[in-house]
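Q: coordinates for the following, if possible.
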Amino acid sequence: MNIKRAKEEIKNTIEAYLMRDEYGAYAIPVIRQRPVLLIGPPGIGKTQIMEQISQECRIGLVAYTITHHTRQSAIGLPYIQEKVYDGVRRSVTEYTMSEIVASIYDKIEMTGLREGILFIDEINCVSETLAPTMLQFLQAKTFGNHKIPEGWIIVAAGNPPEYNKSVRDFDVVTLDRIKMIQVEADFPVWKEYAESVQIHPAIIAYLNVKQENFCQIETTVDGKRFATPRGWEDLSRLIETYEKLGKPVDREVVYQYIQHPRIAKDFANYLELYYKYENDYKVDEILSGIIQESVCNKLARAPFDERLSVMSLLLAKLNSGFGQVVRMEERLERLQGLFGQMKPEGLSAGSSEAESGLSRLESLAAGVVAERRYKLEAGLLSRQEDHLCQDIQRILDRLTQHLKAEHIQEARPVWEEVQKVFNKENASYEEYFEACGVMLEHAFDFMEAAFGDSQEMVVFVTGLNTGFYSVRFLQEYSCQRYYQYNEKLLFDSQEKDILNKMESFGV
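A: Residues are numbered from 1 along each chain as shown. Below is the predicted model of the structure:
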């Protein structure tokens, strides 16, 4: 299955394992809660989805790469304990608590989260001395003499033997005690994720055409050659930063992340052309409404891969704007929830004007800071959510400083200032929303001028239909041409399916 389906299956497993019966016990007894074992190629996101799952399920996460551990750090160090058996004092070997088990208790103490995921990566690549410990861990949920706390679900990950020569096979006894999930690379699923986190559009555009280069791992006489989803994502972040710094990204830089000479060279050449198209076709001008006939004619005569690159540039610019709209909307909703607590009508009986005005706002701001700090420490905050929290903090801080500078403390004057801030944020959102709508209309103007009703328009509308942020934007924005071309696309697709079925029946 693909990584998206695997993520959903793990979340379903967690929900099932953590469900309690009417007596307060886990509905599935701990002994029947099989550890989950993810097996798939390196770099496809096995570790990354663990962070996402813990954040979305609001449970703890303790992650270890087991190949970094020795037998002693995994099961604990031995020490001599004196015990009495049948009246005779004996020296017995005991073990200190495993570092891994101790880290779970540390997480519980730090966050208060008594349920979570213990994630062990590269579990089938351990040393010979540690292999029996890993088998015991999967079978009995213990490290040495120490059990994994109840409520903590074991998820392990490993690579198939064709990707790692140090992989060890599990015996049938162990396999019969785990929940096995085989994961494969899937470009359409990764593309959906890539657009949500805004992977560099050049990478998405390149892989749209060269999907075979998305995840490729080869063993040759010259050694390993590979390109992985993780490599593409990390390269994307570097390209974004290099662009801001004005530094070039050439073949040698690409190869540092995409360690496959042919693919690295191919993408480096494509990236150079991508920048050229961005400069030649002036996408920003197109989206601002400046559409030159010469540019339209040039693109209409261009090779298909060039036309596809320009459409990718258009979609990337649009999706960047749509993403900003979504973030502004989320910020507005969060402010609405917070500011709703500032209404004078909601003041508690007996509270003074001063206590329930400025002091109430300061209390809310302190709560936002405390919540962010807790979620960061607990690992429950994604990067995007953290940015939202910081934006909210800055707005509340500016408002508080303004109130203090103007000596405004009473509830109703404070509420009036709060409304002004909210109305300003709402006006900015509405203005940007409309601006993005205008950009979309200009994009359709350009596509119609360059291609009319052609396969390029189909590609463009399909891109809007599959874009993470464009889908959300178009649920709110009414664009007649989008609906028009989308209906035709749906009709053409249905007509093609009918013709295929007729052909299969010999009609």
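Q: can you list the domains in the protein?
A: As recorded under automatic domain parsing, the domains making up the chain are 3-69+103-184, 186-281, 294-507.
Q: with distance to V84, mean neighbour count and mean pLDDT added, can I get those domains in CSV?
A: From N, CA and C alone the C-beta is placed, and that goes for glycine too. Listed next are these as CSV, based on distance: least, CB to CB, whole Å; neighbours: other CB atoms under 10 Å; pLDDT from 0 to 100:
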stretch, distance to V84, mean neighbour count, mean pLDDT
domain 3-69+103-184, 19, 17, 84
domain 186-281, 55, 17, 89
domain 294-507, 44, 16, 83
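Q: among the ones you listed, which is nearest Y79?
A: domain 3-69+103-184 (11.9 Å; CB to CB).
Q: can you confirm V92 is in a helix?
A: No. According to DSSP: H, G, I helix; E, B strand; the rest coil, V92 belongs to no helix; its state is strand.
Q: neighbours of it, how many?
A: 10 (other CB atoms under 10 Å).
Q: I'd say it and Q81 touch.
A: Yes. The criterion here is CB atoms under 8 Å, and V92 meets it with Q81 at 5.0 Å.
Q: which among the domains of the chain is found nearest to Y85?
A: Using CB to CB, those put domain 3-69+103-184 closest to Y85, at 17.5 Å.
Q: spit out the contact partners of the nearest residue to P160 once chain neighbours are set aside.
A: In space, and not counting its chain neighbours, P160 is closest to I39: 6.1 Å by CB to CB, 6 or more residues apart in numbering. Counting by CB atoms under 8 Å, 6 or more residues apart in numbering, I39 makes contact with N124, A157, G158, N159, P160, M180, I181, Q182, V183.
Q: strands - which of these land there?
A: Those of the contacts of I39 mapping onto strands are A157, G158, M180, I181, Q182, per DSSP state E.
Q: and Y26, what are its bridge partners?
A: Taking DSSP bridges, one obtains R20 as the residues bridged to Y26.
Q: so what's it up against?
A: Y17, L18, M19, R20, Q33, E150, G151.
Q: got CSV for those, with distance to N213 too?
A: Shown next, in CSV, are the contacts of Y26 (distance: CB to CB, whole Å):
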residue, distance to N213
Y17, 38
L18, 40
M19, 43
R20, 47
Q33, 40
E150, 45
G151, 43
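Q: including distance to H387 and secondary structure, could those residues go into JSON lines?
A: Shown next, in JSON lines, are those (distance: CB to CB, whole Å; DSSP: H, G, I helix; E, B strand; the rest coil):
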{"residue": "Y17", "distance to H387": "32", "secondary structure": "helix"}
{"residue": "L18", "distance to H387": "30", "secondary structure": "helix"}
{"residue": "M19", "distance to H387": "33", "secondary structure": "coil"}
{"residue": "R20", "distance to H387": "35", "secondary structure": "strand"}
{"residue": "Q33", "distance to H387": "36", "secondary structure": "coil"}
{"residue": "E150", "distance to H387": "36", "secondary structure": "coil"}
{"residue": "G151", "distance to H387": "31", "secondary structure": "coil"}
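Q: ok, so of the residues you listed, who is nearest L338?
A: L18 (30.4 Å).
Q: what does stretch 382-393 contact?
A: Stretch 382-393 is contacted by residues 51-52, 55, 197, 327, 330-331, 334-335, 338, 365, 368-369, 371-372, 375-376, 381 when judged by CB under 8 Å, 6+ apart.
Q: now stretch 53-62
A: Residues contacting stretch 53-62 (CB under 8 Å, 6+ apart): 7, 10-11, 14-15, 18, 50-51, 100, 103-104, 107-108, 111, 113, 115-119, 152, 378-382, 385.
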